[in-house]
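> return a 3D structure for these sequence lines:
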Amino acid sequence: MDSAATLVNPTPPTSYFLTNTNLKNATIYARPGIPLYTITNDGKQTIVNDHRNPGRIVAIFHQREFLPDTISFPERNGSAPIKVQKWLRKTKLADGTTAFVIGTDYGPYVWKMISSHRQKVYAQYDLDRPIASCSFHTTPSSGKPAFLLEYDAEPLREDILVAYLLQRQRVMSEDRLIDVFVGSPAPR
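Below you'll find the model as predicted:
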C-alpha cells in the first residue's frame with residue numbers, strides 16, 4: 001500500500017508592530033491593545049521592558065559618545081555589557097554579501113539584507129529558510145508589521161526584537177548620513 005503524505009497547515013508567522021518609529025518612546029505589540037514590550041530612551045541608554053512582566057528589563061543599549069556602544073541583558077551573563085559590534089557582528093557570507101550575525105542561546109543567527117529597508121533572519125546552519133522577516137519603515141503603519149517571526153522561532157523573539165532595534169537604528173543612521181552627504185529631494 002502506498003503511503004499518502006499528510007499535509008499539515010503550518011502555523012502562520014506572528015506579526016509584530018511598532019507604535020512609533022522614534023525609538024525614544026515606542027511599544028511593540030502583536031495584537032492592537034496588547035503591548036508586549038515598551039522602549040524608552042533618555043539620550044544615553046535605550047531600555048527594552050517586558051510589558052507583560054512589570055519591572056523585567058529585557059535589554060539596555062548604552063549609547064556612548066567616544067567608546068563603542070554596548071548592550072546588556074540583565075538576565076544573562078551577569079548583566080555584563082557587551083560591545084554591540086561583538087553581539088551583532090558584521091560578516092561576509094560565502095556569496096560575498098554583507099550580513100550580521102547574532103549569538104543566541106540557540107546558536108548563531110544571520111541577518112541578510114534583502115533591500116535597503118528589509119532584512120531576513122536565518123539560522124546559520126540553514127541559510128535557505130528564513131525564521132524572521134524585518135522591515136524598517138520610516139513612518140509607522142498599522143498595516144505593515146515591523147517584523148514577522150515564524151512560529152518555531154518564538155523562543156528567539158527577544159533576541160530578534162533587540163537585534164531588530166539595533167539594525168533599525170543602524171539603517172536609519174545610514175539613511176540620515178546619505179541625506180546629509182547626497183541631499184534629500186527638495187519638497188514640492
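> ok, the spatially most central residue of the chain to residue 65 distance?
Averaging the C-alpha coordinates of the chain gives a centre point, and the residue nearest to it by Cα atoms, centre = their mean is residue 164 (1.2 Å). When Cβ to Cβ, to the nearest Å is the yardstick, residue 164 and residue 65 sit 24 Å from each other. Quick note: C-beta positions are derived from backbone N, CA and C, even for glycine.
> wait, what's in contact with residue 150?
Under the criterion of Cβ atoms under 8 Å, 6 or more residues apart in numbering, the contact partners of residue 150 comprise 13, 130, 131, 132.
> name the member of the residues you listed with the most neighbours.
For the contacts of residue 150, counting by other Cβ atoms under 10 Å, the largest number of neighbours falls to residue 132: 25 neighbours.
> dump the contacts of residue 150 into TSV; add pLDDT as well.
Supplementary listing: the contacts of residue 150 in TSV, determined by pLDDT from 0 to 100:
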residue	pLDDT
13	88
130	92
131	90
132	89
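> mind listing which of the residues you listed are in strands?
Restricting the contacts of residue 150 to those inside strands, with DSSP state E as the criterion, leaves 130, 131, 132.
> what's the end-to-end length of stretch 71-86?
Between the opening and closing residues of stretch 71-86 we find a distance of 10 Å, counting by Cα to Cα, to the nearest Å.
> and for that stretch, what are the contacting residues?
Contacts of stretch 71-86 with the rest of the structure, by Cβ under 8 Å, 6+ apart, involve 56-62, 68-70, 87, 162, 166.
> could you redo the last one with a cut-off of 6 Å?
Counting by Cβ atoms under 6 Å, 6 or more residues apart in numbering, stretch 71-86 makes contact with 57, 59, 60, 61, 68, 69, 70, 87, all of which sit outside it.
> check contacts around the first one.
For residue 57, the contact set (Cβ under 6 Å, 6+ apart) comprises 47, 49, 74.
> any idea how far it is from residue 108?
From residue 57 over to residue 108 the distance is 24 Å, taken as Cβ to Cβ.
> the fifth one now?
Taking Cβ to Cβ as the criterion, residue 68 is separated from residue 108 by 20 Å.
> between those two, which has more neighbouring residues?
Set side by side, residue 68 and residue 108 show more neighbours around residue 108, with 14 against 10, by other Cβ under 10 Å.
> mind listing the helices for the protein?
Counting by DSSP state H, residue ranges of the helices within the chain are 84-87, 157-182.
> which one of the ones you listed has the poorest average confidence?
Mean pLDDT is lowest for helix 157-182 among the helices of the chain, at a mean of 73.
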